[in-house]
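Engineer: Fold the stuff below for me.
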Amino acid sequence: MRLIYSFIMYLLAPLFFIRLWWKGRACPSYRERLGERLCLSRTVKTYDIWFHVVSLGEAMAAIPLIQQLLDQHYQILVTTITPSGAEKIQNQFKASLTHRYLPYDLPDVTKRFFKLHRFRLGIIVETELWPNLIIHAKRANRTLFLINARLSMQSFNRYKKIKRWMHTIVRQFDGIYAQGAADAKRFIALGANQSNVFVKPNIKFDLMQPSCDKAYQALKHQWGVTRPVFILASTHDNEEALILAQWQKLKKILPELIILIAPRHAERFQIVYEMVKHKHLKVGLTSLKSTINAETEVVIINSYGELLNFYAISDYAFVGGSLVPRGAQNVLEPIALNTPVIVGPYTFNFQTICDELKQKSAIKQISTAEEIPEVLTHLQHQQTHDTLVANAYLVFKRYQGVVSEYITLIDGVLKAKHHEQ
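Structural biologist: Numbers count the residues shown, from 1 in each chain. As a prediction, the model looks like this:
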């Protein structure tokens with residue numbers, strides 16, 4: 001099976017580069033450091049730990065853990081797939097660690113990756129199950145953890161169709177640390193060793209909160225400090241249009257409302273901007289502060305890594321990927337900043353936490369965008385608003401501290417490996 005998979009990957013490899021070049025039209029960073037995608041470097045480097053975080057969300061989640069390990073003077077390599085993840089890691093840590101793009105999952109490329117990058121412990125964040133990468137990590141005698149692991153029912157059903165092969169892949173991990181009991185059961189059902197599967201809270205509960213940046217407060221003064229702010233965060237295709245179709249109803253409830261839109265992907269910044277203009281709404285861009293004033297109705301956040309700061313100055317938050325079947329983005333970020341959260345019907349990426357938040361009356365879930373005006377009407381009642389925020393924050397605080405647990409675990413593994421040498 002892996003031979004067939006690898007053959008297909010080799011056939012598709014030229015298309016991967018064409019896709020990077022195509023994406024580079026809207027986001028030039030996709031065209032940078034292309035050699036790393038094939039691990040063309042000849043320099044051998046040694047590290048203590050390798051982290052793989054696929055994109056911005058996983059990078060944000062891993063930052064507190066990586067920072068504490070750097071404080072203990074561990075040498076760290078971090079790989080990402082997307083430029084947004086790369087930018088966040090590089091801006092956050094500068095020269096304190098090494099960043100590389102993860103090479104494509106081609107057998108000779110992944111072998112070369114482990115020859116050039118020597119480390120004692122590999123940590124993959126969430127669920128990046130690249131077969132050649134994982135198998136060659138074990139052949140290179142590296143300890144391998146999958147942390148903050150999640151496996152939605154949708155993904156599980158797909159993997160079940162190739163269960164015999166997935167059995168081999170998930171058994172390569174020395175530890176799988178699942179976000180919830182349901183995730184853990186699915187990994188075991190795919191063939192993971194039960195003795196190597198554990199449940200730990202989502203590391204996003206230990207999110208680093210932003211400092212009060214005056215630049216964002218100044219921006220709020222620019223459009224009017226008393227205006228209520230509704231942020232549509234990490235939105236996917238069509239979600240913005242569905243919500244903006246409710247604009248007139250929302251204006252009746254909140255006449256001074258301003259909507260912030262943070263599209264999930266950079267290539268959609270211009271698309272969303274044009275869509276808002278087409279609706280004859282007064283729109284500004286965060287990259288062009290001069291376009292934002294007291295008349296502005298919608299602001300497009302056309303940059304990465306600033307979402308927490310915008311949550312901090314928002315009164316209400318809709319978390320994207322949930323009105324369309326993408327499974328929702330991170331609901332914990334606005335909760336950490338005491339911002340009431342609204343999600344759509346599709347929350348399978350954060351199912352465990354969303355189920356608990358719903359059970360504790362700590363989040364508002366809607367079936368369609370047409371329900372948003374009603375939800376915002378309810379949130380105008382101070383007691384309803386404060387109860388929702390308080391309930392959400394209680395859930396958030398209850399699970400904090402998991403990063404310290406991972407530090408203890410990682411220290412123990414690395415010390416044991418040091419004694420083996």
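Engineer: quick one: contacts for the residue minimising distance to the centre of the chain?
Structural biologist: The centroid of the chain falls nearest to G57 when counting by C-alpha atoms, centre = their mean (1.9 Å). Taking C-beta atoms under 8 Å, 6 or more residues apart in numbering, we find G57 in contact with 234, 329-330. Every residue, glycine included, has its C-beta placed from N, CA and C.
Engineer: From one end of stretch 136-153 to the other, what's the distance?
Structural biologist: One end of stretch 136-153 sits 28 Å from the other (C-alpha to C-alpha, to the nearest Å).
Engineer: Could you check that stretch and say which residues are buried?
Structural biologist: Of the residues in stretch 136-153, those buried by neighbour count under the rule 16 or more other C-beta atoms under 10 Å are 136-138, 140, 142-152.
Engineer: so Q68 touches V403, yeah?
Structural biologist: Yes. Counting by C-beta atoms under 8 Å, Q68 touches V403, with 6.4 Å between them.
Engineer: Neighbour count for the two, which is higher?
Structural biologist: Neighbours of Q68 and V403, each counted by other C-beta atoms under 10 Å, are more numerous for V403; the result is 23 against 16.
Engineer: okay, that one: pLDDT?
Structural biologist: In this model, V403 is scored at 96, pLDDT.
Engineer: Let me see the backbone angles for S234.
Structural biologist: The phi/psi pair for S234 (degrees, to the nearest 10) reads phi 50, psi 50.
Engineer: neighbours around the residue nearest to it when sequence neighbours are not counted, how many?
Structural biologist: Nearest residue to S234 in three dimensions, chain neighbours excluded: Q329, at 3.7 Å (C-beta to C-beta, 6 or more residues apart in numbering). Residues contacting Q329 under the criterion other C-beta under 10 Å number 24.
Engineer: for the one 4 residues further on, same thing?
Structural biologist: Taking other C-beta under 10 Å as the neighbour definition, E333 ends up with a count of 25.
Engineer: Looks like it contacts L308 (just checking).
Structural biologist: Yes. If you go by C-beta under 8 Å, E333 and L308 touch, sitting 5.9 Å apart.
Engineer: Against which helices or strands is the helix or strand containing S84 packed?
Structural biologist: Using DSSP states H and E, S84 falls within helix 83-93. Judged by 3 or more C-beta pairs under 8 Å, 6 or more residues apart in numbering; DSSP states H and E, the packing partners of helix 83-93 are helix 56-71, strand 76-80, strand 98-101.
Engineer: So which of the ones you listed is nearest T347?
Structural biologist: Nearest of the helices and strands packed on helix 83-93 to T347, taken as C-beta to C-beta: helix 56-71 at 14.6 Å.
Engineer: Would you mark the buried spots in that closest one?
Structural biologist: For helix 56-71, a neighbour-count test (16+ other C-beta under 10 Å) marks 56-66, 68-69 as buried.
Engineer: Closest one to L260 out of these, please.
Structural biologist: Distances from L260 to the buried residues of helix 56-71, taken by C-beta to C-beta, are shortest for L56, at 17.2 Å.
Engineer: Contacts only, for that closest one.
Structural biologist: Taking C-beta under 8 Å, 6+ apart, we find L56 in contact with 82, 84-85, 88, 304-305.
Engineer: how about 7 Å then?
Structural biologist: 82, 84-85, 88, 304 (C-beta atoms under 7 Å, 6 or more residues apart in numbering).
Engineer: Which residue in the residues you listed has the weakest pLDDT?
Structural biologist: Within the contacts of L56, the minimum per-residue pLDDT falls on Y304 (83).
Engineer: what's the spacing between that residue and D105?
Structural biologist: For Y304, the distance to D105 (C-beta to C-beta, to the nearest Å) stands at 25 Å.
Engineer: now L388
Structural biologist: Using C-beta to C-beta, which is the criterion applied here, L388 is 43 Å from D105.
Engineer: my guess is Q329 is in a strand, correct?
Structural biologist: No. Q329 sits outside any strand when classified using DSSP: H, G, I helix; E, B strand; the rest coil, being coil.
Engineer: Which residue ranges of the stretch 1-150 of the chain form strands?
Structural biologist: Ranges of strands within the stretch 1-150 of the chain are 45-46, 49-52, 76-80, 98-101, 117-118, 121-125, 143-149, based on DSSP state E, counting those that start in this stretch.
Engineer: Make JSON lines out of the ones you listed and add mean pLDDT and distance to L12.
Structural biologist: Below are the strands of the stretch 1-150 of the chain laid out as JSON lines (pLDDT from 0 to 100; distance: least, C-beta to C-beta, whole Å):
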{"stretch": "strand 45-46", "mean pLDDT": "96", "distance to L12": "29"}
{"stretch": "strand 49-52", "mean pLDDT": "98", "distance to L12": "21"}
{"stretch": "strand 76-80", "mean pLDDT": "98", "distance to L12": "20"}
{"stretch": "strand 98-101", "mean pLDDT": "98", "distance to L12": "17"}
{"stretch": "strand 117-118", "mean pLDDT": "96", "distance to L12": "24"}
{"stretch": "strand 121-125", "mean pLDDT": "98", "distance to L12": "22"}
{"stretch": "strand 143-149", "mean pLDDT": "97", "distance to L12": "25"}
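Engineer: need those strands in TSV with distance to T296, can you?
Structural biologist: Shown next, in TSV, are the strands of the stretch 1-150 of the chain (distance: least, C-beta to C-beta, whole Å):
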stretch	distance to T296
strand 45-46	48
strand 49-52	39
strand 76-80	33
strand 98-101	36
strand 117-118	47
strand 121-125	37
strand 143-149	37
